[in-house]
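>>> just need the structure, nothing else, for what follows:
(one chain, ligands or ions: 1)
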Amino acid sequence: MSSLDKDLALTIKYDKDYCLQVFAPMNVAFTKGKGVYLYDTEGRKYMDMVGGIAVNSLGHGNRELVRAVQTQAANLIHCCNYYYIPGRSELAYKLCRLSFADKVFFSNSGAEANEAAIKLARGYFYHKGQNRFEIITANMSFHGRTMGTIAATGQEKFSKPFAPNLPGFKYVDYNDIEQLKAAVNDSTAAVMLELIQGESGVHPADREYIKNVRKLCDEKGILLIIDEVQTGVGRTGRMFAYENYGVSPDIMTLAKGLGGGVPIGATLCTNEVATGMKVGDHGSTFGGNPLAMAAGNCVLDQIMDKDLLNNVGQVSGVIFDQLQALKDKYPVITSVRGMGLLIGIEFDGTVSSSGMKEALFSKGFLVSAIGKSTIRIAPPLIISQSEAKKFCKALADILKSQKKRPLQLTAAEGSRNEEAIKEAIVKETGVTISSVDNNELE
Ligand SMILES: Cc1ncc(COP(=O)(O)O)c(C=O)c1O
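Predicted coordinates:
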């Protein structure tokens with residue numbers, strides 16, 4: 001327990017004084033979690049529909065995960081890759097048995113998993129003696145924050161201040177196979193895609209598109225990298241989202257949900273692609289460490305033993321049904337998108353994402369705001385149907401009060417008048433607002 005655990009004001013002050021200001025947190029700090037609930041410094045309870053951005057797959061305070069991490073920490077937290085690591089061998093075996101893959105490289109985050117994927121694709125052609133290096137990615141994609149992954153990310157806002165961008169990336173519109181075909185040339189090494197673009201608003205790929213991408217890659221001898229950092233490990237109701245599409249990638253990246261909160265990244269590939277890395281070509285001090293491996297093994301075991309994929313499917317069905325009914329009733333909801341427990345709810349111009357996030361917050365529900373008009377939910381995979389219904393009911397109550405007296409949040413937001421936004425929400429919902437930010441980035 002931190003000495004600041006009960007002192008929100010000092011926590012905020014020290015953050016502002018001593019942490020690099022790259023985030024815009026809400027004025028709240030959580031010090032305890034149980035199941036799908038988080039508790040703040042004042043002991044207030046919130047339903048966590050953010051799930052640590054699709055990380056807390058087993059929820060908070062999961063007994064088995066806590067025990068696995070505690071036991072491993074007591075035995076051995078870290079040794080290093082000079083030696084064999086039993087937990088690493090075990091997790092690699094499990095991941096390969098569960099997926100298309102034959103080999104795994106472990107790292108500590110999604111960005112690192114993607115860095116390894118990019119290097120692997122280039123290394124594959126290098127070791128074959130072919131000069132193919134270009135990676136084609138999608139506009140509005142998100143692949144991480146390192147120099148390599150901001151270059152892979154098809155959104156200039158993430159890389160502009162850090163120019164020059166790493167060369168060797170090309171961007172095409174998502175779900176447009178003709179653009180992709182036109183972009184391929186003799187230098188193309190790989191196509192790298194998310195199956196649901198999460199960061200830019202939860203946009204799933206079309207099934208036909210992904211099938212055609214796979215076909216194109218096969219025809220041209222190009223590798224298909226699927227970034228499942230957010231969609232992997234049960235999030236969509238299948239262990240991996242690619243299973244929903246009836247195709248397999250050559251390389252897949254995982255992170256977030258695999259550790260249930262303990263940092264981990266994984267890059268999976270076929271034996272053929274694994275020829276792209278020789279001893280010494282890549283590495284990581286912490287990657288594959290015993291602590292993270294214990295967490296990863298426990299998460300996979302729990303997903304299988306507790307039939308969580310089935311739970312995701314059932315709860316997802318409930319949420320989509322209820323959100324669809326809300327959309328039919330309240331035209332301010334313009335779209336409900338996603339798969340499994342990764343869902344985006346988009347509103348028209350009268351409701352801003354930050355306003356809705358705040359309104360839900362004040363009722364004890366956490367969601368993330370993406371862009372001006374979409375909220376995203378990615379709750380723990382253990383969420384029950386009745387908990388999901390409580391969330392939908394809270395959203396319905398807000399929409400009902402908003403119907404009577406429309407929240408004019410966007411005008412205030414347009415002028416970036418945060419106080420006006422807060423006031424408007426307080427007036428309409430009768431609740432106090434902690435902070436308003438325009439957008440939450442990954
Ligand atoms: C699809 C995708 N790829 C990569 C990343 C980067 O992962 P990390 O933040 O663990 O580096 C994210 C993070 O949100 C993501 O959603």
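>>> and the host helix or strand of Ile225, what does it pack onto?
Ile225 belongs to strand 223-227 when assigned by DSSP states H and E. With contacts taken as 3 or more CB pairs under 8 Å, 6 or more residues apart in numbering; DSSP states H and E, strand 223-227 sits against helix 110-127, strand 188-194, helix 207-220, strand 251-254. Where C-beta positions appear, they are placed from N, C-alpha and C, glycine not excepted.
>>> what about stretch 331-342, near the ligand?
No: counting by CB under 6 Å from any ligand atom, the ligand has no neighbours in stretch 331-342; the shortest distance is 9.8 Å.
>>> pLDDT weak spots in this structure?
Applying pLDDT under 70 to the chain flags the ranges 403-439.
>>> switch the cut-off to 50
Counting by pLDDT under 50, the chain shows low-confidence ranges at 408-418, 420-421, 424-425, 428-438.
>>> circling back to that earlier point, can you list the strands that the strand holding Ile225 pairs with?
Looking at strand 223-227 with DSSP bridges, its partner strands are strand 188-194 (parallel), strand 251-254 (parallel).
>>> make TSV from the helices and strands packed on strand 223-227 and add mean neighbour count and distance to Ala138 to it.
Shown next, in TSV, are those (neighbours: other CB atoms under 10 Å; distance: least, CB to CB, whole Å):
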stretch	mean neighbour count	distance to Ala138
helix 110-127	24	13
strand 188-194	26	6
helix 207-220	16	10
strand 251-254	29	15
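>>> point out the residues in the stretch 201-350 of the chain that sit beside the ligand.
Near the ligand, the residues belonging to the stretch 201-350 of the chain are 227, 229-230, 255 when assessed by CB under 6 Å from any ligand atom.
>>> who wins for most neighbours among those residues?
Comparing these by number of neighbours (other CB atoms under 10 Å), Asp227 comes first, having 32 neighbours.
>>> could you measure from the spatially closest residue to Tyr330 that is not a sequence neighbour over to Ile370?
In this structure, Tyr330 finds its nearest non-sequential neighbour in Leu399, 4.5 Å apart by CB to CB, 6 or more residues apart in numbering. Plainly put, Leu399 is 18 Å away from Ile370 if you go by CB to CB, to the nearest Å.
>>> who has more neighbours, these two?
Each of Leu399 and Ile370 has its neighbours counted (other CB under 10 Å); Ile370 has more, 23 against 20.
>>> can you report phi and psi for the more buried one?
For Ile370, the backbone dihedrals (degrees, to the nearest 10) come out as phi -120, psi 120.
>>> if we can go back for a sec, so for Ala68, which of the helices and strands packed on strand 223-227 sits nearest?
For Ala68, the closest of the helices and strands packed on strand 223-227 is strand 251-254, at 18.1 Å, according to CB to CB.
>>> just the helices in the stretch 301-442 of the chain please.
In chain order, the stretch 301-442 of the chain shows helices spanning 308-329, 353-362, 385-404, 409-414, 418-429, with DSSP state H, counting those that start in this stretch as the criterion.
>>> deepest in the core, which of the ones you listed is it.
helix 353-362 (a mean of 25; mean count of other CB atoms under 10 Å).
>>> which strands and helices sit next to it?
strand 368-370, strand 374-377, helix 385-404, helix 409-414, helix 418-429.
>>> run the chain-centre distance for the shortest one.
Translated: strand 368-370. On the basis of CA atoms, centre = their mean, to the nearest Å, strand 368-370 is displaced by 12 Å from the centre of the chain it belongs to.
>>> do the same with the second one
On the basis of CA atoms, centre = their mean, strand 374-377 is displaced by 12 Å from the centre of the chain it belongs to.
>>> ok but Val299 is inside a helix, no?
Yes: assigned with DSSP: H, G, I helix; E, B strand; the rest coil, Val299 falls within a helix.
>>> that one contacts Val233, doesn't it?
Yes: judged on CB atoms under 8 Å, Val299 makes contact with Val233 at a distance of 6.9 Å.
>>> overlap of the contact sets of the two?
Contact criterion CB atoms under 8 Å, 6 or more residues apart in numbering; residues bridging Val299 and Val233 by contacting each: 57, 257-258.
>>> redo those as CSV? Include neighbour count.
Formatted as CSV, the shared contacts of Val299 and Val233 follow (neighbours: other CB atoms under 10 Å):
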residue, neighbour count
Ser57, 31
Gly257, 31
Leu258, 30
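>>> quick check, nearest of the residues you listed to Pro380?
For those, the nearest to Pro380 is Ser57 (6.2 Å; CB to CB).
>>> all helices of the stretch 151-300 of the chain, in order?
Secondary structure of the stretch 151-300 of the chain (DSSP H, counting those that start in this stretch): helices at 177-183, 207-220, 271-274, 290-305.
>>> export these to CSV and tack on distance to Val312?
Below are these laid out as CSV (distance: least, CB to CB, whole Å):
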stretch, distance to Val312
helix 177-183, 29
helix 207-220, 19
helix 271-274, 29
helix 290-305, 9
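>>> tell me which of those sits nearest to Arg88.
Arg88 lies closest to helix 290-305 among those, at 5.0 Å (CB to CB).
>>> what is that closest one packed up against?
Helix 290-305 sits against helix 63-75, helix 86-98, with contacts defined as 3+ CB pairs under 8 Å, 6+ apart.
>>> mind doing that once more with 10 Å?
In terms of contacts (3 or more CB pairs under 10 Å, 6 or more residues apart in numbering; DSSP states H and E), helix 290-305 is packed against helix 63-75, helix 86-98, strand 103-107, strand 265-269, helix 308-329.
>>> what residue in the stretch 301-442 of the chain comes nearest to the ligand?
Relative to the ligand, the nearest point of the stretch 301-442 of the chain is Glu442 (3.2 Å; CB to the nearest ligand atom).
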